[in-house]
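# for reference, the sequence and a predicted model appear below.
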Amino acid sequence: MQKALIIIGVAIALAGVFWPWLARLPIGRLPGDIIIDRPGMKVYIPITTMILVSVIVSIIMWILRK
């Protein structure tokens, strides 16, 4: 458990350091993401982005378990 918490903490710290470059990636604005923009209400449902993130995390976890 300690190892997992340290890895998660390091990953969050690295994401914070590299945030200016990560914000430029088109993730979060992919085709298939649903945006409902009405007066007084804006709803964003990142379906495609979440599928992509899930696949990437699954591949990383699969590699780390070997």
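Nice, I can see it.
# just so I have it, where are all the helices in this protein?
2-17, 19-22, 47-65 (DSSP state H).
# which stretches of this protein have low pLDDT?
Along the chain, no part satisfies pLDDT under 70.
# hmm, 90 instead?
1-8, 11, 15, 18-33, 49, 53, 57, 60-66 (pLDDT under 90).
# mind listing what the residue nearest the centre of the chain touches?
Nearest to the geometric centre of the chain sits residue 53, at 5.4 Å (CA atoms, centre = their mean). By CB atoms under 8 Å, 6 or more residues apart in numbering, residue 53 lies in contact with residue 27. Every residue, glycine included, has its C-beta placed from N, CA and C.
# check residue 10 too.
No contacts exist for residue 10 under CB under 8 Å, 6+ apart.
# may I see the helices of the chain arranged in a markdown table, with distance to residue 37 as well?
Output for these, formatted as a markdown table (distance: least, CB to CB, whole Å):
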| stretch | distance to residue 37 |
| --- | --- |
| helix 2-17 | 28 |
| helix 19-22 | 25 |
| helix 47-65 | 16 |
